[in-house]
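Student: Provide a 3D model corresponding to the input given below.
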Amino acid sequence: KLSINVFDYNCHLDLIKLLRQEGELVKLRRARQKMSELFPLTEEIWLDWLKDEIKMASESSEREKVYELFERAVKDYICPEIWLEYAQYSIGGIGQEGGIEKVRSIFERALTAVGLHVTKGTALWEAYREFENAILETAQPAPGSVPSPEQQQMLCSQLEKIHTLFRRQLGIPLLDMEASYAEYEEWSEDPIPETVIKNYKKALQQLEKCKPYEEALLGAETPKLAEYQAYIDFEMKAGDPARIQLIYERALAENCLVPDLWARYNQYLDRQLKVKELVLSAHDRAVRNCPWTVGLWIRYLLAMERHRVDHGVISEMFEKALNAGFIQATDYVEIWQAYLDYLRRRVDFTQDSSKELEELRSAFARAVEYLKQEVEERFSESGDPSCTIMQNWARVEARLCNNMQKARELWDNIMTKGNAKYANMWLEYYNLERAHGDTQHCRKALHRAVQCTSDYPEHVCEVLLTLERTEGTLEDWDVAVQKTENRLARVNEQRAKAAEKEAALAKQEEEKAEQRKQARAEKKASKKAKKPRIGDKRKADDDDEGEWGQEEEEQPSKRHKGEGDGVLLDEDMEVETGLFGRSGPEKLDRPANQKEKASTSRKDIPKVLHDSSKDNVTVFVSNLSYNMADPEVKLKELFEGCGEVAEIRPVFSNKGTFRGYCYVEFKEEKSAAQALGLDRKVVEGRPMFVSPCVDKNKNPDFKVFRYSTTLEKHKLFISGLPFSCTKEELEDVCKAHGNVKDIRLVTTRAGKPKGLAYVEYENEAQASQAVLKMDGLTVKEHVIKVAISNPPLRKLPDKPEAGRASQFAVPRQIYGARGKGRTQLSMMPRALQRQSNPVAKAENGMVQNSPATSSEPPEEPKKMSNADFAKMLLKK
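Tutor: Below is the predicted model of the structure:
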């Protein structure tokens, strides 16, 4: 695997683990060495490596190699455990020449690096004191003997070293400071000085301020980024550079793959500390951890230039950046631009020719060719459509090298790359000619611009006329006026034609819409013609005054023909409230002698009004199969694992068939939240949609889309997959390039694959490498395309035209997301509607104009009782 992809971090770890188990020490050392060259190693990997090497090191030459390994280890991350191990290992070489001073040097460096660590710094201070106490014990004279002046001086010196360590430690806010203070009181024969007590109390106060942040880190889950950021902000306000550096290092040890954190740290080092070794080391670690982030490489190049690093080293680092595997074409444009800026600053333009100038020109040419060949081949675009690099090259040639001929050649090349239609490009060239060229070339450029510009031709024409008004002759003015008038006339003609074409298309769309409306109206009319005539309806009871237009107290169950004198309710009248915001409709009577419904009708099932107060414990389940047998039992089995189910309410049609959606009510709110995790679970071959139960009448902007619609650098979008490709087969392909966290195959609502997938990796590095290796790969004779996930913006629904609204049109919003439901149809006869309104609305929502319309307002119809209304119908 590593021979295919050397940047597979997890594969390196697996190889090291296997070699360690097998005891292959030589191969193990080589594998660790290779990994350390590519990546900064974590604290655990370094400690395992160091312990293995310490076991094998016996001779002094081998100890020196271990020392070198420790030096490499402490440079990757600031880790208290590695520094402590380093100091303790160095004590083993105390018998060598200069051994004691070497140990002290390592301890001092460790204290500088991590001595301020609030939770782990104490261990280093105590280890250092123990070492000095051991030295003190060896310096004590034998019992009963009188120490010589040299021994007495050495004893005093050693005691002073230990006093100093105590005092230094007590001035730093560390956990268990009180124990250290008590130990000092017990150890010291003299009273503790007032200055030490004062510093100790000040450190205690500082510790109290730090404790909330340390406790937050202790209780937070990895990666603790928000908690570390709050801690960093606190230390930044305090302004102690050493403490700021330490907290940044602590944060990076746990968030080494967060580019923004590296960028903020490096910016602080560049602007505040400005220590060369520290700054360059941090930049180097940043690009090794996040090589796909172009901004970190650019900052590294600038830091190297700022600290006057050798030109060869900077060029080598730039070549590494080109091979880092950026995930966007524009990233390559940015890194090239940064490097070209650096080369330009090296050139002494007072000389006519120099090695640096030739190198700059060569780099410009290489950049243009690189974007055209390498980048365009990989991304299908150069990333530089406006040719910014060539524009900068032209400016350098014109302004700094006084070579307008070369600048004109470059601009001619820029215009041939599809930029001639843009006014701003011509005006950029014109300004360059105006500043460093001559009037003749300015005029020529503007004449070409007038002919070619398509976005803002008026502006270009105005600039040309301004030039001729300022510097041109009468002949020049006449030519310019004629050319601009002809051009603007052609432009206006083209715009008029385009407007006519657009109007024609709009008219065609309106005609098509009208035809569709008419077709629907005719279809509706033909269906109504097949229904039983009104005269066949059962005679209504004259005395039943409370039957029409009144809502009943209770929702009656459906009653069929022959089961009594009750009326038949429309079974499509749904009383549930869910994603589409439907509420309980009015109960309207239907004639009792309609055709008998299918035998599958569900009898005597009362419809329960949805209680919106229980939305927080209810989920809306949709996209289920219409053929699902006994959905209540099936769904209860699915949702029981989320918590106790209080009720399942499937929705049925008037024929008693399941409509594919239902409501699941739980006993507890957390169960409903857990049930949302079953969204997109495949049930009987279809993805089941599970969403919160929300009334869209009250929340019209509520959207349910669980996936991100923004750029996700750790996730891939794969297209062109064969429909037969399974999740397991795709995982086998993808896991060779990193740890796959999740795979989602995109399907239709019916559960059929679309040949698309989203693959989520652990980090951006693995995703970027997977793009390089998998794009263009053949899977089951299908060539797939792989890119970083960056979905296009979701289109918002078009707003209705203002002119379409009329006095009889009811606003769509009051009907919910699907418009007017069948349960909201007007049951008033059309004959009665025509009496009260010159324009009637058909039952299906289509507008029908009355043949006879009068300018006078219609008389208000006489109020009728239910009995009068029934008699009128029977007379028809």
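Student: For this protein, spot the helix or strand the model is least confident about on average.
Tutor: strand 568-569 (a mean of 35; mean pLDDT, DSSP states H and E).
Student: The closest residue in space to Leu340 that isn't next to it in sequence: neighbour count?
Tutor: For Leu340, ignoring the flanking residues on the chain, the nearest one in space by CB to CB, 6 or more residues apart in numbering is Ala363 at 5.9 Å. Yep, even glycine has a C-beta here, placed from its N, CA and C like the rest. When neighbours are counted by other CB atoms under 10 Å, Ala363 registers 21.
Student: Spell out which residues make up each domain of the chain.
Tutor: Here the chain is described, according to the TED database, as comprising the domains 76-205, 615-692, 715-788.
Student: Any chance of TSV for those, columns mean pLDDT and distance to Ala251?
Tutor: Supplementary listing: the domains of the chain in TSV, determined by pLDDT from 0 to 100; distance: least, CB to CB, whole Å:
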stretch	mean pLDDT	distance to Ala251
domain 76-205	90	11
domain 615-692	87	31
domain 715-788	85	17
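Student: In JSON lines, list those along with mean neighbour count and distance to Tyr370.
Tutor: Rendered in JSON lines, the data for the domains of the chain read as follows (neighbours: other CB atoms under 10 Å; distance: least, CB to CB, whole Å):
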{"stretch": "domain 76-205", "mean neighbour count": "16", "distance to Tyr370": "32"}
{"stretch": "domain 615-692", "mean neighbour count": "17", "distance to Tyr370": "43"}
{"stretch": "domain 715-788", "mean neighbour count": "17", "distance to Tyr370": "17"}
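Student: Nearest to Asn413 among the ones you listed would be which one?
Tutor: Ranking the domains of the chain by distance to Asn413, with CB to CB as the measure, places domain 715-788 first at 29.5 Å.
Student: can you give me how far that closest one is from the chain middle?
Tutor: Centroid separation for domain 715-788 versus its chain: 18 Å, with CA atoms, centre = their mean, to the nearest Å.
Student: going forward, begin numbering at 14 instead of 1
Tutor: Sure, I'll start numbering at 14, so the last one becomes domain 728-801.
Student: about what we covered before: for the residue nearest to Leu353, what are its contacts?
Tutor: Under the criterion of CB atoms under 8 Å, 6 or more residues apart in numbering, the neighbours of Ala376 are Tyr352, Leu353, Leu356.
Student: tell me which element it is part of?
Tutor: Using DSSP states H and E, the element containing Ala376 is helix 368-383.
Student: Could you check that helix and say which residues are buried?
Tutor: For helix 368-383, burial by neighbour count (16 or more other CB atoms under 10 Å) applies to Glu369, Leu370, Leu373, Arg374, Ala376, Phe377, Ala380, Val381, Tyr383.
Student: got the contact list for the second one?
Tutor: With contact taken as CB under 8 Å, 6+ apart, Leu370 is in contact with Val360, Phe362, Gln364, Cys414.
Student: now with 10 Å?
Tutor: Listed by CB atoms under 10 Å, 6 or more residues apart in numbering, the contact partners of Leu370 are Leu356, Arg357, Arg359, Val360, Asp361, Phe362, Gln364, Val409, Leu413, Cys414.
Student: what's the answer for Lys434, then?
Tutor: The neighbours of Lys434, taking CB under 10 Å, 6+ apart as the test, are Met428, Ala462, Cys465, Thr466, Ser467, Asp468, Pro470.
Student: Could you say which helix or strand holds the residue nearest to the fifth one when sequence neighbours are not counted?
Tutor: Sequence neighbours aside, Lys434 is the residue nearest to Ser467 in space, at 4.4 Å (criterion: CB to CB, 6+ apart). Using DSSP H and E, Lys434 falls within no helix or strand.
Student: so how far is Met48 from Lys434?
Tutor: Distance, Lys434 to Met48, by CB to CB, to the nearest Å: 52 Å.
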